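Enquirer: Quick one, structure for this:
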Amino acid sequence: MDERFAVVASAGSFLAEDGAEDGDDVRLPHRWTPGGVGVRSAFTGGHVLNLAVAACVLNDLYREAEAAGVELLGVRVRAEGGFDTSRWRSTGISYAVEVDSDAPRALVEALIAAVDEAAEIPRALRQGAAVTRATRPGPGAGGGAREGAAPPVCLPRQGRTST
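Expert: Below you'll find the model as predicted:
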(Lines give C-alpha, C1' and ligand atoms only; values in the text may rest on other atoms or scores of the structure.)
Protein backbone atom coordinates (compact mmCIF):
# COMPACT_ATOMS: atom_id res chain seq x y z
CA MET A 1 0.00 0.00 0.00
CA ASP A 2 1.33 3.44 -0.99
CA GLU A 3 0.46 6.14 1.53
CA ARG A 4 1.00 9.76 0.35
CA PHE A 5 2.52 12.56 2.47
CA ALA A 6 1.94 16.05 1.01
CA VAL A 7 3.51 19.28 2.28
CA VAL A 8 3.65 22.93 1.22
CA ALA A 9 6.35 25.53 1.85
CA SER A 10 5.55 29.09 0.81
CA ALA A 11 7.03 32.55 1.11
CA GLY A 12 6.35 36.10 -0.02
CA SER A 13 3.10 36.60 -1.89
CA PHE A 14 2.15 32.92 -1.41
CA LEU A 15 2.27 32.92 2.38
CA ALA A 16 -0.86 31.30 3.72
CA GLU A 17 -2.59 33.38 6.36
CA ASP A 18 -4.91 30.64 7.54
CA GLY A 19 -4.54 27.07 8.78
CA ALA A 20 -4.21 24.11 6.49
CA GLU A 21 -6.56 21.26 5.70
CA ASP A 22 -3.94 18.59 6.40
CA GLY A 23 -1.88 19.82 9.33
CA ASP A 24 -1.04 23.16 10.86
CA ASP A 25 0.43 26.19 9.17
CA VAL A 26 3.69 27.10 10.89
CA ARG A 27 5.70 30.27 10.23
CA LEU A 28 9.51 30.08 10.35
CA PRO A 29 12.06 32.86 9.95
CA HIS A 30 13.80 33.00 6.57
CA ARG A 31 16.97 34.74 5.48
CA TRP A 32 15.58 36.09 2.20
CA THR A 33 11.98 36.93 3.06
CA PRO A 34 10.87 39.38 5.76
CA GLY A 35 7.59 37.50 6.37
CA GLY A 36 9.33 34.16 6.83
CA VAL A 37 8.27 30.85 5.35
CA GLY A 38 4.90 29.21 5.87
CA VAL A 39 4.94 25.45 6.27
CA ARG A 40 1.82 23.35 5.89
CA SER A 41 2.49 19.82 7.03
CA ALA A 42 1.51 17.15 9.47
CA PHE A 43 4.31 15.99 11.75
CA THR A 44 5.23 12.49 10.62
CA GLY A 45 8.49 11.16 9.29
CA GLY A 46 7.09 10.96 5.77
CA HIS A 47 5.91 14.57 5.88
CA VAL A 48 9.21 15.82 7.31
CA LEU A 49 11.21 13.99 4.63
CA ASN A 50 9.12 15.62 1.90
CA LEU A 51 9.31 18.98 3.65
CA ALA A 52 13.11 18.79 3.49
CA VAL A 53 12.81 18.71 -0.30
CA ALA A 54 10.25 21.54 -0.47
CA ALA A 55 12.19 23.76 1.95
CA CYS A 56 15.48 23.19 0.17
CA VAL A 57 14.02 24.05 -3.24
CA LEU A 58 12.28 27.17 -1.87
CA ASN A 59 15.43 28.33 -0.11
CA ASP A 60 17.66 27.69 -3.13
CA LEU A 61 15.27 29.55 -5.44
CA TYR A 62 15.65 32.68 -3.31
CA ARG A 63 19.43 32.21 -3.02
CA GLU A 64 19.97 31.69 -6.75
CA ALA A 65 17.53 34.47 -7.70
CA GLU A 66 19.42 36.92 -5.50
CA ALA A 67 22.73 35.89 -7.08
CA ALA A 68 21.22 36.36 -10.57
CA GLY A 69 19.58 39.69 -9.71
CA VAL A 70 16.05 38.30 -10.17
CA GLU A 71 13.38 39.56 -7.79
CA LEU A 72 11.02 36.92 -6.49
CA LEU A 73 7.76 38.21 -5.05
CA GLY A 74 6.73 34.79 -3.82
CA VAL A 75 7.49 31.08 -4.03
CA ARG A 76 5.35 28.04 -3.24
CA VAL A 77 6.72 24.51 -3.35
CA ARG A 78 4.41 21.52 -2.94
CA ALA A 79 6.14 18.20 -2.32
CA GLU A 80 4.54 14.82 -2.09
CA GLY A 81 5.89 11.36 -1.69
CA GLY A 82 4.77 7.97 -0.72
CA PHE A 83 5.86 4.93 1.17
CA ASP A 84 5.16 1.31 0.51
CA THR A 85 3.93 0.68 4.04
CA SER A 86 4.36 -3.07 3.72
CA ARG A 87 8.15 -2.54 3.48
CA TRP A 88 8.53 1.12 4.57
CA ARG A 89 10.34 1.99 1.40
CA SER A 90 9.95 5.36 -0.27
CA THR A 91 8.10 5.23 -3.55
CA GLY A 92 9.64 8.55 -4.56
CA ILE A 93 9.12 12.26 -4.00
CA SER A 94 7.83 14.78 -6.53
CA TYR A 95 7.57 18.52 -6.20
CA ALA A 96 5.93 21.40 -8.04
CA VAL A 97 7.05 25.02 -7.95
CA GLU A 98 5.03 28.22 -8.33
CA VAL A 99 6.93 31.50 -8.63
CA ASP A 100 5.49 35.01 -8.50
CA SER A 101 7.91 37.36 -10.25
CA ASP A 102 7.88 40.23 -12.73
CA ALA A 103 10.93 38.68 -14.43
CA PRO A 104 10.44 37.17 -17.90
CA ARG A 105 8.90 33.69 -17.79
CA ALA A 106 11.87 32.12 -19.60
CA LEU A 107 14.24 33.51 -16.96
CA VAL A 108 12.10 32.14 -14.12
CA GLU A 109 11.87 28.73 -15.81
CA ALA A 110 15.67 28.68 -16.26
CA LEU A 111 16.07 29.55 -12.56
CA ILE A 112 13.76 26.68 -11.55
CA ALA A 113 15.68 24.26 -13.81
CA ALA A 114 19.03 25.37 -12.36
CA VAL A 115 17.75 24.92 -8.81
CA ASP A 116 16.40 21.46 -9.67
CA GLU A 117 19.97 20.43 -10.51
CA ALA A 118 21.66 22.30 -7.65
CA ALA A 119 19.34 21.84 -4.65
CA GLU A 120 21.28 19.84 -2.09
CA ILE A 121 18.53 17.78 -0.45
CA PRO A 122 16.98 16.50 -3.69
CA ARG A 123 20.48 15.74 -5.00
CA ALA A 124 21.38 13.79 -1.86
CA LEU A 125 18.13 11.81 -1.96
CA ARG A 126 18.56 11.03 -5.65
CA GLN A 127 21.96 9.51 -4.88
CA GLY A 128 20.88 7.68 -1.74
CA ALA A 129 22.23 8.13 1.74
CA ALA A 130 23.23 5.79 4.50
CA VAL A 131 21.34 6.37 7.73
CA THR A 132 22.83 4.93 10.89
CA ARG A 133 21.88 5.13 14.54
CA ALA A 134 24.52 6.58 16.82
CA THR A 135 25.04 4.49 19.92
CA ARG A 136 25.69 7.64 21.87
CA PRO A 137 24.69 11.25 21.17
CA GLY A 138 27.53 13.55 20.25
CA PRO A 139 28.07 17.18 21.20
CA GLY A 140 25.15 19.37 20.21
CA ALA A 141 22.82 16.38 19.83
CA GLY A 142 20.93 17.28 22.98
CA GLY A 143 21.09 15.46 26.23
CA GLY A 144 24.39 17.10 27.19
CA ALA A 145 26.71 14.22 26.24
CA ARG A 146 29.92 14.37 28.22
CA GLU A 147 32.95 12.18 28.66
CA GLY A 148 32.15 9.07 30.66
CA ALA A 149 28.40 9.68 30.66
CA ALA A 150 26.15 6.68 30.33
CA PRO A 151 24.21 6.38 27.08
CA PRO A 152 20.53 7.31 27.22
CA VAL A 153 18.15 4.55 28.23
CA CYS A 154 14.87 3.97 26.44
CA LEU A 155 12.37 2.11 28.54
CA PRO A 156 9.88 -0.01 26.64
CA ARG A 157 6.22 0.89 26.84
CA GLN A 158 3.87 -1.90 27.70
CA GLY A 159 3.57 -4.24 24.76
CA ARG A 160 6.67 -2.84 23.00
CA THR A 161 10.30 -3.77 23.02
CA SER A 162 13.28 -1.46 22.65
CA THR A 163 16.43 -2.06 20.68
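
Enquirer: Which residue, neighbours along the chain excluded, lies closest to V99?
Expert: In space, and not counting its chain neighbours, V99 is closest to V108: 5.1 Å by Cβ to Cβ, 6 or more residues apart in numbering. All C-beta spots, glycine's among them, are computed from the backbone N, C-alpha and C.

Enquirer: Tell me the helices and strands packed up against the helix or strand of the chain with the lowest mean pLDDT.
Expert: Using mean pLDDT, DSSP states H and E, strand 24-30 stands out as the lowest-scoring helix or strand of the chain, at a mean of 80. Using 3 or more Cβ pairs under 8 Å, 6 or more residues apart in numbering; DSSP states H and E as the contact test, the elements touching strand 24-30 are strand 33-41.

Enquirer: The strand it packs on pairs with which strands, parallel or anti?
Expert: Within its sheet, strand 33-41 is paired with strand 2-12 (antiparallel), strand 24-30 (antiparallel), according to DSSP bridges.

Enquirer: Let me see the contact set for the residue most central in space within the chain.
Expert: Closest to where the C-alpha atoms of the chain average out (Cα atoms, centre = their mean) is A52, at 1.7 Å. By Cβ atoms under 8 Å, 6 or more residues apart in numbering, the contact list for A52 reads I121.

Enquirer: Give me the buried positions along the strand or helix carrying it.
Expert: Counting by DSSP states H and E, the element that carries A52 is helix 45-68. Along helix 45-68, these residues count as buried under the neighbour rule (16 or more other Cβ atoms under 10 Å): 46-47, 49-62, 64-65.
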